[in-house]
Each structure stands twice: as structure tokens, then as C-alpha cells.
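*Asks:* sequence unknown, structure follows:
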């Protein structure tokens, strides 16, 4: 009888220890996913700072161009509209960088904005006085610098997202990810060739 009791206690102890081990493993996986998710969200915060600077620069650039390009009203308005759409999309993503649909809308809006800026810069080549404007040159230089910062911040964000997505997809961590609703995050990818770099215009 004593042997049976001891055997039962050992069996129960093994089960309890096993359950504790599984629970500790689950907690560890969960905490790791939380850490990785916070990391890519913090990385997006760096993108957001540089994007906001970009959005602040564009109205100033358009205002300077407006003084010279009086017959290009549609082009200038298109830039402002694209800027406003991108600004709104970025604000939405900032609230939840892990939402794939919001990120896709931001990428589309950024692509449209870059295309509008590219058209503006192309047209500005026909306005020598605008090209010679020192304020315009300074704004373009700062815009290009900001674009470079966005590019670096985007790469850091994408690296963090890739690490998070990989952690949530591998087995058996995927079990905890699914149970705890760790959804897939969207990369901030370049959709068109136009957005890969800042518009390059010489104002010499």
C-alpha cells in the first residue's frame, strides 16, 4: 500500500513539475514576444519623428515655389493633398504600428507623396529664378537629409519587425503567439522606385 501511495505521489509530482515547466516556458515565450513587439513599435517611433519633420518641411517648400510657379496651381495643390493624406496615415500607424492595414495605407500615401514631389521638382527646372532661390535650396537640402533619416529609420524598423515575425512564426512559439493574439506586423517597404530616394534636383 505504501508503495502505491509513494508511486502515486511521485507520479503527481512529475505532472506538477511538468506543468510548472510548461507554464514557465509559456511565460518566457510570451515575455519575449512582448519585448520584440515593443522593440518594433519603438523603432516606428523613430520613423514617425522623421516623417513629421518631412511633413512640416513640405508646406514651406510649396509656399516658396508658389511665388514663382503661379501657373502650376494644380501641381502645388496635388503636393499638399498628398502630404495631408500621408500625414493622416502616419498618425494612424503611430497609434498602432502593428496594424498591417494601416501600414499598407501609409506606404501607399507615401508613394503618392513622393510621386507628387517628383513632379514638382521636375517642373521647377523650368523656373530659373526658383532654382536660384536660397530659401528653396535650403529647404531642399533639409528635405533630402530628412529623407535619408527616414530611410535609415525604416531599415531599423523592418529589422525589428522581421525578428518579431520570425519569433511568432516558429514552432512551438507559434502556439503561444496564436493563443495570446500576437498578430503579424507589416514591413514598411518601398512600393515604387520613386520612393527609394529623395527627389534629386540641382539648385546651383
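*Replies:* Nice, I can see it. Please read these numbers as outputs of a predicted model, since none were measured by experiment.
*Asks:* Run through who's touching stretch 83-94.
*Replies:* The contact list for stretch 83-94, computed with C-beta atoms under 8 Å, 6 or more residues apart in numbering, reads 44-45, 48, 51-52, 55, 58-59, 99, 102-103, 105-106, 108-110, 112-113, 116. C-beta here means a position set from N, CA and C on the backbone, and glycine is covered the same way.
*Asks:* Can you flag the buried ones in those residues?
*Replies:* Applying 16 or more other C-beta atoms under 10 Å to the contacts of stretch 83-94, the neighbour count classes 44, 48, 51, 55, 58, 99, 102-103, 105-106, 109-110, 112-113, 116 as buried.
*Asks:* Among these, which lie within strands?
*Replies:* Among the buried ones among the contacts of stretch 83-94, no member is found in strands (DSSP state E).
*Asks:* Between these, which sits nearest residue 177?
*Replies:* residue 99 (16.5 Å; C-beta to C-beta).
*Asks:* quick one: the closest one and residue 106, what's the gap?
*Replies:* Remark: distance between residue 99 and residue 106 (C-beta to C-beta, to the nearest Å) = 10 Å.
*Asks:* With residue 140 instead?
*Replies:* In this structure, residue 140 and residue 106 are 24 Å apart, going by C-beta to C-beta.
*Asks:* ok, now residue 141?
*Replies:* Going from residue 141 to residue 106 by C-beta to C-beta gives 25 Å.
*Asks:* Ok, residue 122 next?
*Replies:* Noted for residue 122: a distance of 25 Å to residue 106, by C-beta to C-beta.
*Asks:* Would you mind giving the secondary structure of residue 70?
*Replies:* coil (DSSP: H, G, I helix; E, B strand; the rest coil).
*Asks:* switch to numbering from 748
*Replies:* From this message on, residue numbering opens at 748, which makes the last subject residue 817.
*Asks:* Next one: it, what pLDDT does it get?
*Replies:* Note on residue 817: pLDDT of 80.
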